[in-house]
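J.: just a sequence and a predicted model for now, questions to come.
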Amino acid sequence: MMRSNWLFAAMVLFSGLWSCSDDLSNNGDAMPYDDSDSTTDADTDTDTDTEPEVTVSIHIEAECAHGSDAGDCGGTFSGVFEGTQLDTGDTTVGWFDNGDHIAFFDVDFSGVDTILLRHAKGSEGGAVELRLDGVDGTLIATFTPGSTGAWDAWDDAALFIEPVTGVHDLYLVCAGGADGIVNLDWLELGSCTP
């Protein structure tokens, strides 16, 4: 399969920040995301607490794994999928079961140490492994989503990843023997800055 290098077109830079904490981990204990003190313009952030924030450098729509023209992808990323289906008017990816995966090609991990996932889950069980360059590639984090109350009740969670440098294909692989592991809307990659 021939892949286009979307590295430069794929980077959708945001000046927005989201909170991070030293409590973030890469073992599945993701921190809930709270954007109540976030701003879309870093110059106007009047938040006076000292909690570290994450600067977002890359935004990836989950449906890009189903093709660069799917949903809201807008040609920014291309990828592959196994077992998942487009949902919500082709703007989210659902039906993740044990062994299913999605992948995004040519992701630049320069300066990235944190990933935010917008997800929904109507049951308990299962995990999502974040791996590099293949379904059995280097494990950089494991996300164990809890129920959000319904398959269309969206929530955000953030987690640290193992140190990564350079450009890699990012695979999200479902594991844990459960069906109905997660629905995904988007991912954001960034760096936690104290």
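T.: Okay, I see it.

J.: quick one: residues contacting Asp152.
T.: If you count contacts by Cβ atoms under 8 Å, 6 or more residues apart in numbering, Asp152 has them with 88, 120, 183. C-beta coordinates here come from the backbone N, C-alpha and C atoms, glycine included.

J.: most neighbours among the residues you listed, which one?
T.: Compared across those, Asn183 has the highest neighbour count, 27 neighbours, by other Cβ atoms under 10 Å.

J.: what strand or helix carries that residue?
T.: According to DSSP states H and E, Asn183 maps onto strand 182-193.

J.: and that strand, what other elements does it pack with?
T.: Using 3 or more Cβ pairs under 8 Å, 6 or more residues apart in numbering; DSSP states H and E as the contact test, the elements touching strand 182-193 are strand 53-61, strand 92-96, strand 114-121, strand 150-160.

J.: mind putting those in JSON lines, distance to Val135 and mean pLDDT included?
T.: Below are the helices and strands packed on strand 182-193 laid out as JSON lines (distance: least, Cβ to Cβ, whole Å; pLDDT from 0 to 100):
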{"stretch": "strand 53-61", "distance to Val135": "18", "mean pLDDT": "87"}
{"stretch": "strand 92-96", "distance to Val135": "13", "mean pLDDT": "89"}
{"stretch": "strand 114-121", "distance to Val135": "18", "mean pLDDT": "94"}
{"stretch": "strand 150-160", "distance to Val135": "19", "mean pLDDT": "93"}
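
J.: quick check: buried residues in stretch 149-169?
T.: 151, 154-161, 164, 168-169 (16 or more other Cβ atoms under 10 Å).

J.: quick one: buried residues of the strand holding Asn183?
T.: By neighbour count with 16+ other Cβ under 10 Å, strand 182-193 contains the buried residues 182-192.

J.: need these in a markdown table with pLDDT and distance to His101, can you?
T.: Shown next, in a markdown table, are the buried residues of strand 182-193 (pLDDT from 0 to 100; distance: Cβ to Cβ, whole Å):
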| residue | pLDDT | distance to His101 |
| --- | --- | --- |
| Val182 | 93 | 12 |
| Asn183 | 93 | 14 |
| Leu184 | 94 | 11 |
| Asp185 | 94 | 17 |
| Trp186 | 94 | 17 |
| Leu187 | 94 | 14 |
| Glu188 | 94 | 19 |
| Leu189 | 94 | 18 |
| Gly190 | 93 | 23 |
| Ser191 | 90 | 25 |
| Cys192 | 84 | 26 |
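
J.: three-state assignment of Ala63?
T.: Careful, residue 63 is Glu; it's not Ala. Assigned with DSSP: H, G, I helix; E, B strand; the rest coil, Glu63 falls in the helix class.

J.: show the pLDDT at it.
T.: On pLDDT, Glu63 comes in at 91.

J.: pretty sure Val54 contacts Leu116?
T.: Yes - counting by Cβ atoms under 8 Å, Val54 does reach Leu116; the two are 7.2 Å apart.
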